[in-house]
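# coordinates for the following, if possible.
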Amino acid sequence: MTVKFLQKRINLYVFALVAILIESFASVFQKLASREVLLSVPFIVLYGCAVAVMMIYAIMWQFILEKLSLTTAYMRKGISYILVLIWAKIIFYETITIYQIIGMIIIIIGMVISVYGED
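The predicted structure follows:
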């Protein structure tokens, strides 16, 4: 079913976006784990969640790489940096600096520019 779903280009891009969204949560679990005592049960559970998320992401990424060129797929990964910054603000109440905002804008511009070079 997944392979047939990925036959349409738009579905492939949505699938890639979902994969990157899932991957961004690994950083959230790692940050949560860092607040716990090393090798305590909560640390192991949270870090286990991060590993599980990355395993799911790796499987999804393999499907994506079957259908997209490597350069096209990796240009979309810039979204994960933006998502992690958003999670840092929403979940951990971290301060976002003007430099981080400028960095996000540069990433977005790079992704937009890369779209024009695709087939």
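
# which one in this protein is furthest away from the centre?
S40 (26.9 Å; Cα atoms, centre = their mean).

# per-residue pLDDT, that residue?
Per-residue confidence at S40 stands at 96 (pLDDT).

# please shift the residue numbers so they start at 262 in all later answers.
Renumbered: residue one is now 262, and that last one reads S301.

# centroid-nearest residue for the protein?
I281 (3.0 Å).

# state the mean pLDDT of whichever strand or helix holds that one.
Per DSSP states H and E: I281 is located in helix 270-295. Taken as a whole, helix 270-295 has an average pLDDT of 90.

# repeat for stretch 368-380
77.

# list the contacts of that stretch.
Residues outside stretch 368-380 that contact it (Cβ atoms under 8 Å, 6 or more residues apart in numbering): 332-333, 336-337, 339-340, 342-343. Any C-beta I mention is one placed from the backbone N, CA and C, and that applies to glycine too.

# neighbours around A280, how many?
23 (other Cβ atoms under 10 Å).

# so it touches W322, yeah?
Yes: between A280 and W322 there is a contact under Cβ atoms under 8 Å: 5.8 Å.

# test my guess that S285 contacts A349.
No: checked against Cβ under 8 Å, the pair S285 and A349 is beyond contact range at 10.4 Å.

# and the contacts of stretch 282-293?
Taking Cβ under 8 Å, 6+ apart as the rule, stretch 282-293 contacts 307-308, 310-311, 314-315, 317-318, 321, 341, 344-345, 348-349, 352-353.

# could I get it in PDB with only the CA atoms?
The C-alpha coordinates for stretch 282-293 follow below in PDB (Å, rounded to 0.1, in the frame of the first residue of the first chain):
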ATOM      1  CA  LEU A 282       8.200  15.800  11.300                       C
ATOM      2  CA  ILE A 283       8.600  12.400  13.000                       C
ATOM      3  CA  GLU A 284      12.400  12.700  12.900                       C
ATOM      4  CA  SER A 285      12.300  16.100  14.600                       C
ATOM      5  CA  PHE A 286      10.700  14.500  17.700                       C
ATOM      6  CA  ALA A 287      13.800  12.400  18.300                       C
ATOM      7  CA  SER A 288      15.500  15.700  19.400                       C
ATOM      8  CA  VAL A 289      12.600  16.300  21.800                       C
ATOM      9  CA  PHE A 290      13.000  12.900  23.400                       C
ATOM     10  CA  GLN A 291      16.700  13.400  23.700                       C
ATOM     11  CA  LYS A 292      16.300  16.800  25.300                       C
ATOM     12  CA  LEU A 293      13.800  15.300  27.800                       C
END
